[in-house]
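J.: build me a model:
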Amino acid sequence: MGKKRPKVAYVVFQGRVPGIYDDWTQCEAQVNGHSGSVFQGYHTREEAVADWRDFQEEEARGTKRTLEETIDLTTNSSASADQTEKKQRTVANIDDPSSKDAEAPRPVESGSQDPPLMADPEMIEDEGEGVQLTAEQKAVVDLALVGHNIFLTGAAGSGKTVTLKEIIRKLQARHKSHESKGLPNVHIVAPTGIAALPLNGRTTYSFAGWKPDSLQKPMKELLQRIRATTVEAVKRLKVLIIEEVSMVESQFLERLNRLFQHILFSNLPFGGKQVIFVGDFHQLPPVKPFQFCMECGEPMSNRGWKYSCKAEIPAYQHACQKAKFDVGDKWAFKAQVWADLKLRHVKLEQIHRQKDTNFQDVLNKIRNGLPLEDHEWEELERTKELPPNTFAVRLMSRINMVNQFNEIELAKLSTEERSWTAFDTCVKKSYEDSDKFPPRSTAIAAKIKEFKDGLKDHSFQTELTLKIGAKVVLLHNLNPKLGLVNGSQGEVVKFSDAEGWKTKEISQWKSMRAKDFTGRNGYFVPVVKFSNGRCHSIPPIIHDATKVDGKDRYLVSRSQIPLTLGWALSIHKSQGMSLQYAEVSSRDIFEPGQLYVGVSRVSTLEGLVVTGFQRQMLGLDEEVTRFYNETTWEKLDV
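T.: Here you go, the predicted structure:
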């Protein structure tokens, strides 16, 4: 019998710190005592590196890969290398392709059975299903693929998000190459985490490597202290997409432009990169514009509707004297770089959410700040008779009011109560030897904490408490064919123990996260009766995204029941939802665009009630009106 070949490398697929290790001692430290550990020993380092890369690619694609296809050893015990060697012949002999094991590998024995995702297979949305676009939307996608800089807008319900997702999908496929090493060449950013996370994007601050306090520094200083990861991301990037651009201040857009120009040594707008803006300037505006002077970083003076820099710093005085703005200059389209980009301005005209043309006309009046006739107000304010077992969610302008209202309503119920805590995960997708020791290990730990902290803005709640009888809103497109979409309203009718339920086949990564979630929360899930009459259990959803920091890739996920209390929602959080029934108070509105965002969430006039009896709407910003009236809009060939 030949001498047994020694193992020269180990891959930890699941353990304390996944990655490649050079000896058993290092590997053992990552798996010993760690429940559900998954690792493999290799006779050559090349085999270990190849298998680890394959495993990462499988995870990134979200495709199912069974343990026996990936490894030949799983354990959650403290067995030694010699002891575990006896257990690990569970796959084909890689040295002898003709072996019997190659024909019928035995399944791997796992320390514990993977838990179900607790859902009927038909309930989970098929993420691979193609999107059916209109001719108008397809024309916009084609413009993006040609390489044009674009501003995509349209009324609420016109399909901006659907179109944007298809643009992202096709651009990512086009720009993916071997040279990119799997790192993204298309970046999606948004001014808020709520807008960025559903698109697997980042906030504008995070992408630039800034924090809100960073804007208190002169622009020259910001350009002298650019993070290496930001430099690499900008250089590698092919397309920058900014979602909810209406909330991006003009001076912030100029800062981003100067950042790109500095990194790329180019005077072209955004250094010559393709840029796509998406949003509706009739909706939510920038928050607290012109706080700090871009040139010197000092607070701007605000007198009435005018902003100016009064700082007397010799080094910046000449530039600061030009920092004078009217309140209407806050919009992104007022930035010089907007004109320099020579954007193709595209407006989606077809409304898909509301089918009633009279209702569409009323919404367009509100969107454009036009006065409504008395009979139109009466229709909005008229009390509507809702179908049995339905309710109107109250859309409110301030989040503290929303939370207080929901807590009061929940406290009124004396029924069974259950709670779920989200399980957040962030792991670096690959490890090198240098990652195990300072300063790299310290930097990686800090980045993992940063990405996990960013999940606080996720639409899935960190803590969710429900009672039987609680009104809820679905936060995920669970099954559009059955009407279970983001914004579906219903009522909790019971809690069911879902242990042992059949599940849809999922990736190993998501199976692990499901195990984490049930380990923390158990197997009970809420059963909700929706306003369309369907009654369904709601499983936890694992929402994950790849985050990039220079050459490093991290997989970040939140696992949670995708529900929120639905007696009230913030107008901001309702963006992107299609609600069946809603009540919007005109008295609570304090920003132009808020009333429009609220009322346009609802698909029919019979599902909407406007309360407050304050018929004087906040007028639309004159600059927005002028922009939409004077812009030359693209004539789509449909």
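
J.: nearest spatial neighbour of Pro562, skipping sequence neighbours?
T.: Taking C-beta to C-beta, 6 or more residues apart in numbering, and ignoring the residues beside it in sequence, Pro562 has His476 as its nearest neighbour in space, at 3.8 Å. (C-beta placed from N, C-alpha, C; glycine too.)

J.: and Tyr431, by the same measure?
T.: With C-beta to C-beta, 6+ apart as the criterion, Tyr431 has its nearest non-adjacent residue at 2.7 Å, and that residue is Gly19.

J.: how many residues are close by that neighbour?
T.: The number of residues packed around Gly19, counting by other C-beta atoms under 10 Å, is 23.

J.: what's the domain layout of the protein?
T.: As given by automatic domain parsing, the domain ranges for the chain are 9-112, 135-286+331-348, 400-581.

J.: wait, the residue nearest to Tyr431 sits on Tyr10?
T.: No: under the criterion of C-beta atoms under 8 Å, Gly19 makes no contact with Tyr10, lying 9.5 Å away.

J.: circling back to that earlier point, show me the contacts for the residue nearest to Pro562.
T.: When contacts are counted by C-beta atoms under 8 Å, 6 or more residues apart in numbering, His476 touches Glu125, Phe460, Asn486, Ile541, His543, Pro562.

J.: what about the residue nearest to the fourth one when sequence neighbours are not counted, distance to Val602?
T.: The reference is to Ile541. With C-beta to C-beta, 6+ apart as the measure, Pro562 is the residue that lies nearest to Ile541, at 4.8 Å, once sequence neighbours are left out. In this structure, Pro562 and Val602 are separated by 21 Å, where distance is defined by C-beta to C-beta, to the nearest Å.

J.: of those two, who's got more company?
T.: A count of neighbours by other C-beta under 10 Å puts Val602 above the other of Pro562 and Val602, at 29 against 22.

J.: any idea how far that one is from Val162?
T.: For Val602, the distance to Val162 equals 19 Å [C-beta to C-beta].

J.: same question, Val140
T.: Taking C-beta to C-beta, one finds Val140 at 10 Å from Val162.

J.: more neighbours: those two, which one.
T.: Relative neighbour count places Val140 above the other of Val140 and Val162, with 27 against 16, counting by other C-beta under 10 Å.

J.: the more buried one reaches Thr163, doesn't it?
T.: Yes: at 5.3 Å, Val140 and Thr163 qualify as touching, with contact defined as C-beta under 8 Å.

J.: what touches both of the two?
T.: Contact with both Val140 and Thr163 is made by residues Leu152, Leu348, according to C-beta under 8 Å, 6+ apart.

J.: any stretches of the stretch 401-550 of the chain with poor pLDDT?
T.: The stretch 401-550 of the chain contains residues with pLDDT under 70 at 502-505.

J.: in it, which spans are strands?
T.: When secondary structure is read from DSSP state E, counting those that start in this stretch, the stretch 401-550 of the chain shows strands at 417-421, 423-428, 463-467, 471-474, 489-497, 524-530, 535-537, 541-549.

J.: can you list the helices and strands that the first one packs against?
T.: Read it as strand 417-421. Other elements packing on strand 417-421 under the criterion 3 or more C-beta pairs under 8 Å, 6 or more residues apart in numbering; DSSP states H and E are strand 463-467, helix 508-521.

J.: could you redo the last one with a cut-off of 10 Å?
T.: Using 3 or more C-beta pairs under 10 Å, 6 or more residues apart in numbering; DSSP states H and E as the contact definition, the elements that strand 417-421 packs against are strand 463-467, strand 489-497, helix 508-521, strand 524-530, strand 552-560.

J.: now find how far off-centre the fourth one is within its chain.
T.: Yep, that's strand 524-530 we're talking about. The gap between the average C-alpha position of strand 524-530 and the chain average comes to 24 Å, counting by C-alpha atoms, centre = their mean, to the nearest Å.

J.: starting from that strand, tell me which strands it pairs with and how they run.
T.: In the sheet containing strand 524-530, its partner strands are strand 489-497 (antiparallel), strand 535-537 (antiparallel), by DSSP bridges.

J.: so which of those strands comes closest to Gln575?
T.: Each of the strands paired with strand 524-530 was checked against Gln575 via C-beta to C-beta, and the shortest separation belongs to strand 489-497, namely 16.4 Å.

J.: mind listing what's buried in that closest one?
T.: Taking 16 or more other C-beta atoms under 10 Å as the neighbour-count basis, strand 489-497 is seen to contain the buried residues Gln489, Gly490, Glu491, Val492, Phe495.

J.: where does the stretch 51-200 of the chain have low pLDDT?
T.: Along the stretch 51-200 of the chain, the parts satisfying pLDDT under 70 run over 52-131, 177-183, 194, 197.

J.: now do the shared contacts for Val140 and Val162.
T.: Shared contacts of Val140 and Val162, defined by C-beta atoms under 10 Å, 6 or more residues apart in numbering, comprise Leu133, Thr134, Leu348.

J.: now the last one, which residues is it bridged with?
T.: If I follow you right, that is Leu348. With DSSP bridges as the criterion, Leu348 is bridged to Gly154.

J.: contacting residues for it?
T.: Contacts of Leu348 were listed using C-beta under 10 Å, 6+ apart, and they are 134, 136-137, 139-140, 152-155, 157-160, 162-163, 280, 636.

J.: same question for the first one.
T.: Shown here is Leu133, whose contacts under the criterion C-beta under 10 Å, 6+ apart are Ala139, Val140, Val141, Gly159, Val162, Thr163, Glu166.

J.: top of these by neighbour count?
T.: Scoring the contacts of Leu133 on neighbours with other C-beta under 10 Å, the highest-scoring entry is Val140 at 27 neighbours.

J.: endpoint to endpoint, stretch 380-400 covers what distance?
T.: Stretch 380-400 has an end-to-end distance of 26 Å (criterion: C-alpha to C-alpha, to the nearest Å).

J.: and what of stretch 257-277?
T.: With C-alpha to C-alpha as the measure, the ends of stretch 257-277 fall 13 Å from one another.
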